[in-house]
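Student: Would you be able to build a 3D model of this:
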Amino acid sequence: MDLGVIHTEQECTKSLTAVGDALYAIGGKWKLRIIIALRSGNKRFNELQRTITGISARVLSHELKEMELNGFVKRNIYTQTPVIVEYELTDYSDTLKDVLQALGEWGAMHRDKIRRER
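Tutor: Alright, predicted model coming up:
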């Protein structure tokens with residue numbers, strides 16, 4: 001979907017719907033950060049919470065459940081003693097690679113712009 005030039009109201013509506021769907025699935029302050037944190041490998045809940053500065057246990061738990069429902073994260077339960085629960089990325093989360101790359105580049109550029117203007 002090319003969001004460059006929108007010629008008709010139908011194209012506008014289609015673009016708005018697509019972006020809305022994307023923001024519903026990956027929007028908010030934490031979801032992409034969780035994906036980035038898990039890119040280095042599977043992590044237990046407390047490891048994730050330590051890696052992602054500022055996220056509460058309640059919010060992390062809620063975000064992980066939503067991400068599991070949307071197919072980005074898989075929860076693995078190992079029933080040994082003690083029980084271990086790890087989170088890992090699914091293959092579907094790889095579809096966000098270009099999005100994460102573009103956001104990272106834009107974020108670095110924006111930070112530099114703001115610093116230059118101060």
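Student: What sits closest to residue 90 if chain neighbours are left out?
Tutor: Of all residues not flanking residue 90 in the chain, residue 74 sits nearest, at 5.3 Å (C-beta to C-beta, 6 or more residues apart in numbering). Quick note: C-beta positions are derived from backbone N, CA and C, even for glycine.
Student: now the strands for this protein?
Tutor: Here the chain has its strands, by DSSP state E, at 43-44, 73-78, 84-89.
Student: What's the per-residue pLDDT of the residue nearest to residue 90 here?
Tutor: pLDDT, residue 74: 97.
Student: can you count the residues close to residue 10?
Tutor: Using other C-beta atoms under 10 Å, the number of residues around residue 10 comes to 9.
Student: before we move on, back to that, residue 109 is nearest to which of the strands of the chain?
Tutor: Of all the strands of the chain, it is strand 84-89 that lies closest to residue 109, at 26.2 Å by C-beta to C-beta.
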